[in-house]
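A.B. asks: Requesting a structural model of the entry that follows:
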Amino acid sequence: MLRSMAIPASVAVSLVVAPSLSPAAEVWSLAAREGGCFPISTLERKLPDLPAVRDPQGFADYVQGKGWAFTQKPHVLGAGRAVEFTVPSQGLALMFVTIDLCIAGPGPGR
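C.D. replies: Predicted coordinates for the structure are as follows:
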């Protein structure tokens, strides 16, 4: 026989409103060579058909879907994370960084 278990209201509410700590919840930008960060959408100048990419995985999916060879290398940098991409056929060398790395560094796009 199955018994129902009562969950206290405070626990049930905290289960519903607790923020996600998954990597998908992180805010990502592109690191600039001279420092600072830029929105990922700036890639649309070089890649006009780029969909609304929000993170490194979205970019990897896009590049893979295009059939382009690429390398992807993750980095952990103190307060944040970074993912380095090279796409030789498109002349791209990019560094995706979490927003906390942008806030820590100088330059535009902070």
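
A.B. asks: Just the strands from the protein, written as ranges.
C.D. replies: Assigned by DSSP state E, the chain shows strands spanning 28-31, 37-38, 71-77, 80-87, 92-98.

A.B. asks: can you pull the contacts of Tyr62?
C.D. replies: Applying Cβ atoms under 8 Å, 6 or more residues apart in numbering to Tyr62 gives the contacts Leu47, Leu50, Pro51, Val53. Quick note: C-beta positions are derived from backbone N, CA and C, even for glycine.

A.B. asks: and the gap between it and His75?
C.D. replies: Distance, Tyr62 to His75, using Cβ to Cβ, to the nearest Å: 20 Å.

A.B. asks: Pro39 too?
C.D. replies: 20 Å.

A.B. asks: next one: Pro56
C.D. replies: 11 Å.

A.B. asks: residues in contact with the spatially closest residue to Ala93 that is not a sequence neighbour?
C.D. replies: Excluding its sequence neighbours, the residue lying closest to Ala93 (Cβ to Cβ, 6 or more residues apart in numbering) is Thr86, at 5.1 Å. By Cβ under 8 Å, 6+ apart, the residues touching Thr86 are Phe70, Thr71, Leu92, Ala93, Leu94.

A.B. asks: quick one: the helices in the chain?
C.D. replies: Using DSSP state H, the helices of the chain run over 9-17, 56-66, 99-104.
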